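Participant: What follows is a predicted structure for the sequence shown.
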Amino acid sequence: QVQLVESGGGLVQAGGSLRLSCAASGLTFSMYAMGWFRQAPGKEREFVAAISWGGGMTYYSDSVKGPFTVSRDNAKNTLYLQMNSLKPEDTAVYYCAAYLTPQYYSGSSPNYWGQGTQVTVSS
């Protein structure tokens with residue numbers, strides 16, 4: 001079965017950086033678009049970033065565009081999210097997601113989810 005396992009979350013001070021990783025198994029990782037979402041306490045899950053199957057196209061929510069970078073290593077079946085200049089409002093559980101399409105389509109729902117990793121940014 002498909003498994004998406006996030007890692008790299010933790011506690012960081014405002015202005016700091018973290019890199020999240022998502023190890024994928026059970027699917028042909030290099031064929032599919034991947035994404036990151038997050039859910040803050042009391043809020044709905046929201047889209048953060050996505051990347052096409054080969055990494056040639058990337059997409060970001062307006063709130064993270066600039067400080068965050070999504071990337072992938074298809075040889076390692078791993079998705080990354082580099083988060084710089086973190087703010088307290090970036091505090092959330094971050095989820096890795098897989099789409100069963102090569103490209104990402106705005107507003108589309110992922111087919112698979114990871115279990116999430118907590119990111120806490122202190123002020």
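Facilitator: Alright, I've got the coordinates. Source: prediction; values computed, not measured.
Participant: Can you give me the distance of the nearest residue to Gly16 once chain neighbours are set aside to Leu27?
Facilitator: Of all residues not flanking Gly16 in the chain, Leu86 sits nearest, at 5.4 Å (C-beta to C-beta, 6 or more residues apart in numbering). C-beta: built from backbone N, CA, C; applies to glycine. Distance, Leu86 to Leu27, by C-beta to C-beta, to the nearest Å: 30 Å.
Participant: The residue nearest to Gly16 reaches Val121, doesn't it?
Facilitator: Yes. Using C-beta atoms under 8 Å, Leu86 is in contact with Val121, at 4.6 Å.
Participant: Common neighbours of the two, please.
Facilitator: Contact criterion C-beta atoms under 8 Å, 6 or more residues apart in numbering; residues shared by Leu86 and Val121: Val12, Ala14, Gly16.
Participant: Out of those residues, which end up buried?
Facilitator: Buried members of the shared contacts of Leu86 and Val121, scored by 16 or more other C-beta atoms under 10 Å, are Val12.
Participant: tell me which residues in the helix or strand hosting Arg19 are buried?
Facilitator: Counting by DSSP states H and E, the secondary-structure element that holds Arg19 is strand 18-25. Within strand 18-25, the residues scored as buried using 16+ other C-beta under 10 Å are Leu18, Leu20, Ser21, Cys22, Ala23, Ala24.
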